[in-house]
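Novice: The amino acid sequence is not available; the structure is as follows:
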DNA sequence: TCCCTTCATGCGCATCTGCGCATATGCAGG
DNA sequence: CCTGCATATGCGCAGATGCGCATGAAGGGA
């Protein structure tokens, strides 16, 4: 079940976009493409991938499309995303055994 | 930093192999290929990908090569792997906020 | 209605990925 | 040595992926 989700996250621009969206607020494509130095079509397509993976949701707001983390993300997926973003930021995880 | 690691995990056979290795013990390629219904070359190559990603280590033992989880995996990577495997197993994560 | 901004998408291309097939390599036993 | 088992790897191929370019579609304002 996790493979498509992981594949969606396993790309630099998409992971950076998720880091930006992890502040909990909405971000339009134009903001994301500026902050991540991506062309418009590239950014748009990456957001489609994240949307199809169920990681983000979008909302029309006048001529903008606002993206945010999917608030209905399954708990397991949410935990995975949180852990990945923390690791990407270089944060220290809490201790625990693997098995 | 996480993208190459996530890309390594984001493939069905490799994720299943990691689930088997997560019992903490060593497994030879012949065992993995049988349990995962994979051909020999396919299994061998997948294990190379996991090894190059730093997720597993291998050891020669007579004519076998024993694979196990990399005991020197960075804590952040270890936490990510643990969370992904738990999610793949359908386990419930502990609660926490994302940002 | 016309124009501008924002975003999505069809198309073609270069590259990457995963695979099977065949072959090479490493090791043990006779 | 020679044979057999376990594993790695060169090769070529089919499909997937990421990209730029151009265009379409949706909405706002004069």
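Specialist: Everything's here; your move. Only a predicted model underlies this, so the values are computations on that prediction, with no experimental measurement involved.
Novice: Please, which helix or strand holds the residue minimising distance to the centre of chain A?
Specialist: By C-alpha atoms, centre = their mean, chain A has its centre lying nearest to residue A:18, at 2.7 Å. Using DSSP states H and E, residue A:18 sits within helix A:12-21.
Novice: Against which helices or strands is that helix packed?
Specialist: On a contact count with 3 or more C-beta pairs under 8 Å, 6 or more residues apart in numbering or on different chains; DSSP states H and E, helix A:12-21 meets helix A:3-9, helix A:29-35, helix A:40-52, strand A:64-69, helix A:75-88, helix B:3-9. C-beta coordinates here come from the backbone N, C-alpha and C atoms, glycine included.
Novice: hmm, who's touching that helix?
Specialist: Here helix A:12-21 makes contact (C-beta atoms under 8 Å, 6 or more residues apart in numbering or on different chains) with A:8-9, A:27, A:32, A:35-36, A:38, A:42-43, A:46-47, A:49-50, A:55-56, A:67-69, A:81, A:84-85, A:88-89, B:2-3, B:6.
Novice: Please repeat the previous calculation with a cut-off of 7 Å.
Specialist: With C-beta atoms under 7 Å, 6 or more residues apart in numbering or on different chains as the contact definition, helix A:12-21 has outside contacts at A:8-9, A:27, A:32, A:35-36, A:38, A:46-47, A:49-50, A:55-56, A:67-69, A:81, A:85, A:88, B:2-3.
Novice: quick check: angle from it to strand A:64-69?
Specialist: Interaxial angle, helix A:12-21 versus strand A:64-69 (axes from the mean of the first three to the mean of the last three C-alpha atoms, to 10 degrees): 90 degrees.
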